[in-house]
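Chemist: Attaching a predicted model along with its sequence, questions to come.
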Amino acid sequence: MSVSSPGRLRRSRRLSRLTIAPSGWASSAQSRKNSYKNSERSRASPRQAHRSMNELKPRVRFAPSPTGELHVGGARTALFNWLFACKHQGAFILRFEDTDIERNRPELIEPILESLRWLGLLWDEGPYFQSRRTSLYREWAEKLLKESKAYKCYCTPEELEEKRKAALSTKQKPKYDGRCRSLTSQEEQRFLSGERQPALRLKIPESGTITVEDAIRGKVEFDFAELDDFIILRSDGRPTYNFAVVVDDVTMGITHVIRADEHLNNTPKQILIYQAFGYPVPVFAHVPMVLAKDRSKLSKRHGATAVAEFHDRGVLPEALVNYLARLGWSHGDQEIFSTEELIANFSLEAVHPSAAIFDEEKLFWVNQHYLKTGDPKRLGELVRPLLVKLNIMNEAEAQTVLTERLAQIVVLFRERAKTLVELAEPARYLLTDNFSYESEAVQKFLTPEKIALLHGLAEAFVAVEPFTASNLEQAARAYLESQGKALKEIAQPCRVALTGKTVGTGLFETMELLGKERVINRLRRAGL
RNA sequence: GUCCCCAUCGACUAGUGGCCUAGGUCAUGGCCCUUUCAAGGCCAAAACACGGGUUCGAAUCCCGUUGGGGACGCCA
């Protein structure tokens, strides 16, 4: 299916849509192939050809350009596509828009694949690469040339650039003047014998309007006067973006084009290409942009923008998915959605049409929610690699920590952690002696009088067996009573002696997790 | 400059002509709980951009203004 001639496809379009329809979400989920190395060879299996007409399932695609990272805006577009496909048991296709050959490099592609996988946005087909389909585009473009729907343009980029500048300087809309649209055969001969390689331009109607039916925005009308005969094939034979998109969407049987708002202006051009080939247009849905706090386009200068960065900062994939879904989409007053709920309730009509600002605060709140409700063992295992990354212990040491122990830390600390990183940090004083004391805290709480009490407390704990929070509390209260002191008076000094900090979980829970040896040692050492 | 999109609390949004004295969530402030910090509970402050219509009635429909965003490439 990756190479079909226009004619062949035209005759069998309906059939070809059927033959590539997936066998349904549940079953295709198991057979997802995420290795892009083999994907160009993948074909629909013959048994899938037996679908009946009314069982037509939607086919959507996510088509990023390989930039080396998946942007949160792109991730949301991918998510909306994926949710739509899941909801309607359709197919979610991944395709890289790399007609610009420079961009076809594994190091620019692999990180995007990785982020999609991490988010759980697995694709049913692809990834496809435009750079590997150039002969297909050429074939399709030549068909338009033969039918006089396109023509050769010999203008050089320099000439065109000059005209564009001239137009802009006189405050005109820069448009191609159609110079090569009707060359005489003599002129054509002259160019043919010359050095210039022609580009191919699409002939567009002189007047009239074209209406885009958008699932999110309704009807949007464009005047042909706003458009010009745009290039579909560059002089070096590579297709331009708008042309490749349409050829791909047609050959891949895409039924719903769900993409970012910035493409709305390209849509009339693309519709013109559909019309030139005589194909029906898919449903378009232009999702609003994701903006930074200052309402400008989200970019590096605004801090973290890539999915991978949030992963590194200790954000859970389900939290990012939940947050991104709620950014521009809603279902009543509900804030927390499981993946199943997202799929069940998603609809393009419920996508809010205005641009949304990416708010890290709320993302972290959602993240904490999943931290608080997630399975402690699973979360504990996610913390393990962070022990090394945060320099708490070395690789070998990190491997020896029991899952149960990590799970305990998770349970104890997740109510005061917004990220996995924050969850891992207390492991420093819990699991090792390699931590520092906050000097301000030491100064304030470890006074001679308190230190004496802590030393006494240490000895009182020697007999505590088993070393549990409740036993410890009992022992501590008994000892303090004998000294005529209240727990309140030594709680903070004790915490500082044990953890180096003034904040943390319940004192006795902390002790239990620290273990008898560490507690007694640290109390005896207090003030030294 | 031209074209296109958008417009409810600081942020995400609910709202589809009367249920709105505009609801929820994040963030903010206060109180409670408390061995600290959180978490949790309660409360508060906080918005229909503006101007015209249409209508008995408008956040909701229409027009304009303003503001924000996007596009105008042999980039994608």
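Modeler: Nice, thanks for sending it over.

Chemist: now do the same end-to-end measure for stretch A:211-227.
Modeler: Taking CA to CA, to the nearest Å, stretch A:211-227 runs 13 Å from one end to the other.

Chemist: ditto for stretch A:167-187
Modeler: Start-to-end, stretch A:167-187 (CA to CA) is 25 Å.

Chemist: any residues touching that stretch, and which ones?
Modeler: A:151-155, A:160, A:163-164, A:191, A:198, A:201, A:203, A:226-230 (CB atoms under 8 Å, 6 or more residues apart in numbering). C-beta coordinates here come from the backbone N, C-alpha and C atoms, glycine included.

Chemist: Just the buried residues of these.
Modeler: The neighbour-count test (16 or more other CB atoms under 10 Å) marks A:151-155, A:160, A:163, A:191, A:198, A:201, A:203, A:227-230 as buried among the contacts of stretch A:167-187.

Chemist: Out of those residues, which sit inside strands?
Modeler: Mapping those onto strands (DSSP state E) picks out A:151-153, A:201.

Chemist: Among the buried ones among the contacts of stretch A:167-187, find the lowest-pLDDT one for me.
Modeler: Within the buried ones among the contacts of stretch A:167-187, the minimum per-residue pLDDT falls on A:F191 (73).

Chemist: quick one: contacts for it?
Modeler: A:154, A:183, A:198.

Chemist: again, only using 7 Å
Modeler: If you count contacts by CB atoms under 7 Å, 6 or more residues apart in numbering, A:F191 has them with A:Y154.

Chemist: how close does it sit to RNA strand B?
Modeler: 11 Å (CB to the nearest atom of the strand, to the nearest Å).

Chemist: Find the residue at the geometric middle of chain A.
Modeler: Centroid-nearest residue in chain A: A:A75, 2.8 Å away (criterion: CA atoms, centre = their mean).

Chemist: Can the helix or strand where that one lies be said to contact RNA strand B?
Modeler: Element membership of A:A75, judged by DSSP states H and E, is helix A:72-87. No. Under the criterion of CB under 7 Å from any atom of the strand, RNA strand B is not reached by helix A:72-87; the shortest gap measures 9.8 Å.

Chemist: That helix - what's its average pLDDT?
Modeler: 97.

Chemist: where's that helix relative to the chain centroid, distance-wise?
Modeler: 9 Å (CA atoms, centre = their mean, to the nearest Å).

Chemist: Remind me what it packs against, helices and strands.
Modeler: strand A:59-62, strand A:91-96, helix A:106-119, strand A:256-260, strand A:290-291, helix A:317-326, helix A:339-345 (3 or more CB pairs under 7 Å, 6 or more residues apart in numbering; DSSP states H and E).

Chemist: So for the longest one, what gets flagged as buried?
Modeler: What it means is helix A:106-119. Going by 16+ other CB under 10 Å, helix A:106-119 has these buried residues: A:108-109, A:111-116, A:118-119.

Chemist: Tell me the first helix or strand C-terminal of it.
Modeler: Immediately after helix A:106-119, counting by DSSP H and E, sits strand A:125-129.

Chemist: mind exporting whatever helix or strand comes next after that following strand as PDB, just the C-alpha atoms?
Modeler: Sequence-wise, the next helix or strand downstream of strand A:125-129 (DSSP H and E) is helix A:134-146. Once non-C-alpha atoms are left out, helix A:134-146 reads as follows in PDB (Å, rounded to 0.1, in the frame of the first residue of the first chain):
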ATOM      1  CA  THR A 134       9.400  10.200  -2.900                       C
ATOM      2  CA  SER A 135       8.800   8.200  -6.000                       C
ATOM      3  CA  LEU A 136       5.100   7.900  -5.100                       C
ATOM      4  CA  TYR A 137       4.700  11.700  -4.800                       C
ATOM      5  CA  ARG A 138       6.500  12.200  -8.100                       C
ATOM      6  CA  GLU A 139       4.200   9.700  -9.800                       C
ATOM      7  CA  TRP A 140       1.100  11.500  -8.400                       C
ATOM      8  CA  ALA A 141       2.400  14.900  -9.300                       C
ATOM      9  CA  GLU A 142       3.100  13.800 -12.900                       C
ATOM     10  CA  LYS A 143      -0.500  12.700 -13.200                       C
ATOM     11  CA  LEU A 144      -1.600  16.200 -12.400                       C
ATOM     12  CA  LEU A 145       0.900  17.500 -14.900                       C
ATOM     13  CA  LYS A 146      -0.400  15.200 -17.600                       C
END
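
Chemist: Give me the secondary structure label for A:M393.
Modeler: Secondary structure assignment for A:M393 (DSSP: H, G, I helix; E, B strand; the rest coil): coil.

Chemist: Not counting its neighbours along the chain, what's nearest it?
Modeler: Nearest non-adjacent residue to A:M393, counting by CB to CB, 6 or more residues apart in numbering: A:L387, 5.2 Å away.

Chemist: Against RNA strand B, which of the ones in strands among the buried ones among the contacts of stretch A:167-187 make the cut? List them.
Modeler: A:C153.

Chemist: will you turn the ones in strands among the buried ones among the contacts of stretch A:167-187 into CSV that also has distance to A:G208?
Modeler: Shown next, in CSV, are those (distance: CB to CB, whole Å):
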residue, distance to A:G208
A:Y151, 19
A:K152, 25
A:C153, 22
A:R201, 18
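
Chemist: how about the ones in strands among the buried ones among the contacts of stretch A:167-187, which pair is most distant?
Modeler: A:K152 and A:R201 (7.8 Å; CB to CB).

Chemist: out of the ones in strands among the buried ones among the contacts of stretch A:167-187, who's nearest RNA strand B?
Modeler: Of all these, the one with the least separation from RNA strand B (CB to the nearest atom of the strand) is A:C153, at 6.2 Å.

Chemist: Just list the residues touching that closest one, thanks.
Modeler: A:180, A:198-199, A:201.

Chemist: So which bits of the stretch 301-450 of chain A are right by RNA strand B?
Modeler: A:326-330, A:332-333, A:335, A:350, A:352-357, A:359, A:361-362, A:365, A:368, A:372, A:415-416.

Chemist: Swap in 6 Å and give it another go.
Modeler: Contact residues, the stretch 301-450 of chain A versus RNA strand B (CB under 6 Å from any atom of the strand): A:326-328, A:330, A:332-333, A:335, A:352-357, A:359, A:361-362, A:365, A:415-416.

Chemist: Turn the helices and strands packed on helix A:72-87 into a markdown table, columns for mean pLDDT.
Modeler: Formatted as a markdown table, the helices and strands packed on helix A:72-87 follow (pLDDT from 0 to 100):
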| stretch | mean pLDDT |
| --- | --- |
| strand A:59-62 | 97 |
| strand A:91-96 | 96 |
| helix A:106-119 | 95 |
| strand A:256-260 | 97 |
| strand A:290-291 | 93 |
| helix A:317-326 | 98 |
| helix A:339-345 | 97 |
